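Novice: Predicted structure and sequence below. I'll ask about it afterward.
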Amino acid sequence: MKSLIPVSLLLLSTSQAFAEQNKAAPKDRELWITLGTEAVAPMRESFKSAGWEEPTAVLAKDQVSVFRVKESQLSRLATLMHERFNRCAGFITHETQDEAVASLQPAPALAPQSLVTYTLDNATTVNALMGSVLETNVRGTITSLSGYSTRYYTSQGGVDAANWLLAKWKSYVPASRTDVTVELFRHASWAQPSVILTIRGTTLPNEVVVVGGHLDSINSSGGNAPGADDDASGVASFTEVIRVAMSRNYRPQRTVKFMAYAAEEVGLRGSKEIAAYHKSNAINVVGVLQLDMTNYKGSSSVDVVVITDYSNSAQNTFLRNLITTYVKIPQGNSSCGYGCSDHASWYNQGYAASIPFEAPLGSDNPYIHTASDTLSRSGGTATHALKYSKITAAYVAELAKGTAQ
Ligand code: BES
Ligand code: ZN
């Protein structure tokens, strides 16, 4: 998947991006990153050509290296990764050197209490939720979110979009639902908060089912970042499930948390803090579903692929069974080759995460991270994303169980 763009050429197109996005960076802290060793030489070149000091190498182990960088250098690095490696390489940021080095260990085994049995025995609730999702609503959310010129994690648009979503989710919750909360999860290091809606479980409130997608967007060339597919679509797909869950008085047995994560595009940073928070508070998250890019039908033969890396194979089997039994759309498998979205943050903390994705890798939306990531690139409809609302409805109703009207 490596692209053959010469380094000299990609540096031309990245310098502008850096200038734009760097304006928005409020402070310039030191951070540590882990990245694939094959990306080290291009990174050094890129830093050199920006007139920056060499990034400081901390450790190289197997195929991964740890470096100390400045926060303001992240967006140039993100651009480089995308252009040089055609997205098939990422980096992950860490607050401390210890944390960066520790992340090189394999993900811990699942805690025994996290194990659940996957059963398909709640069809009435699945059909109540699945049967009420509407394309117009999914489209409306994509249109609104992609209407912000950018939702970049340090930008005003990024903050405004979070507050808009907070208000939208609140508007779905009847006053009588004292079991439901909608709140911001603030992040100390940047402006954009994450947004979380929680429905407390009736009989198993300490077992938590998470559904998430990322709220932020990025343009690797520094212009507008509508992020209609990446990832207004994923947020819109599950926002419609929230609407239906409230309108049909859904009462899950397990607690369900819907999350719109900040700062995914700059190293999964929002979800990383949230997953770490759940781990350090010993919260028993029994399953995580990530929706990132749901509205581009890039394949005529499959409508969804299950990503097989940085994900839980038992839960992936459950997800495939839900799709076959309830959603009845053709499916396949793909892998990213790296922790390509927020599911990896949960995976890295030892939780069971899965990500159903819009198309086989390589046939996915080619316009992401550009000003052309608009709804019009998906034919102006949310038909494809609606399938993911149905997948989410089935996942929630069969993992959190419970009733709806
Ligand atoms: N939605 C993308 C991930 C993606 C893109 C998955 C194309 C499959 C196909 C996500 O928003 C993203 O851009 N992730 C980063 C990784 C992250 C660690 C910065 C990426 O892919 O470079
Ligand atoms: Zn992205």
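Specialist: Yes, it's here. As the structure is a prediction and not an experimental result, all values here were calculated from the model. Numbers count the residues shown, from 1 in each chain. Ligands and ions are numbered 1, 2, ... in the order given.

Novice: Residue of the stretch 101-250 of the chain nearest ligand 2, please.
Specialist: Among all residues of the stretch 101-250 of the chain, Asp230 sits closest to ligand 2, at 4.3 Å; criterion: Cβ to the ion. C-beta: built from backbone N, CA, C; applies to glycine.

Novice: Number of residues surrounding that residue?
Specialist: Using other Cβ atoms under 10 Å, Asp230 has 30 neighbouring residues.

Novice: can you pull the contacts of it?
Specialist: Ser217, Asp292, Met293, Asn365, Ile368, His369, Asp373 (Cβ atoms under 8 Å, 6 or more residues apart in numbering).

Novice: got the contact list for the fourth one?
Specialist: Contacts of Asn365 were listed using Cβ under 8 Å, 6+ apart, and they are Asp229, Asp230, Met293, Tyr296, Gly298, Glu358, Ala359, Asp373, Arg377, Ser378.

Novice: Show me which pair in those is furthest apart.
Specialist: Taking Cβ to Cβ, the two most distant members of the contacts of Asn365 are Ala359 and Asp373; they sit 14.6 Å apart.

Novice: Give me the three-state assignment for Ile196.
Specialist: strand (DSSP: H, G, I helix; E, B strand; the rest coil).

Novice: what's across from it in the sheet?
Specialist: Under DSSP bridges, the beta-bridge partners of Ile196 are Glu183, Met259.

Novice: ok so, going back, compare Ala359 and Asp373 (neighbour count), which wins?
Specialist: Legend: neighbour count by other Cβ under 10 Å for Ala359 and Asp373, higher for Asp373 (28 against 23).

Novice: List the residues that contact that one.
Specialist: Going by Cβ under 8 Å, 6+ apart, Asp373 touches Ser146, Ser217, Ala225, Pro226, Gly227, Ala228, Asp229, Asp230, Asn365, Tyr367.

Novice: at 7 Å instead, please
Specialist: Applying Cβ atoms under 7 Å, 6 or more residues apart in numbering, we find Asp373 in contact with Pro226, Gly227, Ala228, Asp229, Asp230, Tyr367.

Novice: next one: Asn295
Specialist: Ile142, Asp229, Ser233, Glu358, Ser378, Ala382, His384, Ala385.

Novice: Excluding sequence neighbours, find me the nearest residue to Leu268.
Specialist: The spatial neighbour of Leu268 that comes closest, neighbours along the chain excluded (Cβ to Cβ, 6 or more residues apart in numbering), is Ser345 at 4.9 Å.

Novice: swap in His94?
Specialist: Using Cβ to Cβ, 6+ apart, the nearest residue to His94 is Ala100, at 3.8 Å.

Novice: My reading is that the one you found is in a helix; is that accurate?
Specialist: Yes: counting by three-state DSSP, Ala100 is located in a helix.

Novice: per-residue pLDDT, it?
Specialist: If you check Ala100, the pLDDT there is 77.

Novice: how near is it to ligand 2?
Specialist: 22 Å (Cβ to the ion, to the nearest Å).

Novice: From what I see, that residue and Thr34 are in contact.
Specialist: Yes: using Cβ atoms under 7 Å, Ala100 makes contact with Thr34 at a distance of 5.6 Å.

Novice: list residues touching both of these two?
Specialist: Listed as contacting both Ala100 and Thr34 by Cβ under 7 Å, 6+ apart are Val66, His94.

Novice: for the residue of the chain most remote from its centre, helix, strand, or coil?
Specialist: Largest separation from the mean C-alpha position in the chain: Gly51, at 32.7 Å (Cα atoms, centre = their mean). Assigned with three-state DSSP, Gly51 falls in the coil class.

Novice: Contact partners for the residue lying closest to Arg186 once chain neighbours are set aside?
Specialist: Of all residues not flanking Arg186 in the chain, Pro193 sits nearest, at 4.8 Å (Cβ to Cβ, 6+ apart). Residues counted as contacts of Pro193 (Cβ under 7 Å, 6+ apart) are Ala162, Leu184, Phe185, Arg186, His187, Ala262.

Novice: now, which of those residues lie within strands?
Specialist: Leu184, Phe185 (DSSP state E).

Novice: Nearest to Thr202 among the contacts of Pro193?
Specialist: Nearest to Thr202 out of these is Phe185 (Cβ to Cβ; 24.0 Å).

Novice: For the closest one, list the residues it contacts.
Specialist: Under the criterion of Cβ under 7 Å, 6+ apart, the contact list for Phe185 reads Pro193, Ser194, Ile196, Ile274.

Novice: redo that, cut-off 10 Å
Specialist: 162, 193-196, 259-262, 270, 273-274, 277 (Cβ atoms under 10 Å, 6 or more residues apart in numbering).

Novice: For the residues you listed, which two are the farthest from each other?
Specialist: Greatest spacing in the contacts of Phe185, by Cβ to Cβ: Ala162 and Tyr277 (17.2 Å).

Novice: more crowded one of the two?
Specialist: Shown here are Ala162 and Tyr277; by other Cβ under 10 Å, Ala162 has more neighbours (24 against 12).

Novice: isn't that one right up against Glu183?
Specialist: No: using Cβ atoms under 10 Å, Ala162 is not in contact with Glu183; the gap is 11.1 Å.

Novice: Can you pull the residues that touch both of these two?
Specialist: Joint contacts of Ala162 and Glu183 (Cβ under 10 Å, 6+ apart) are Pro193, Ser194, Val195.

Novice: Can you name the residues of this protein sitting close to ligand 2?
Specialist: Those residues of the chain that sit near ligand 2, judged by Cβ under 5 Å from the ion, are Asp230, Glu265.
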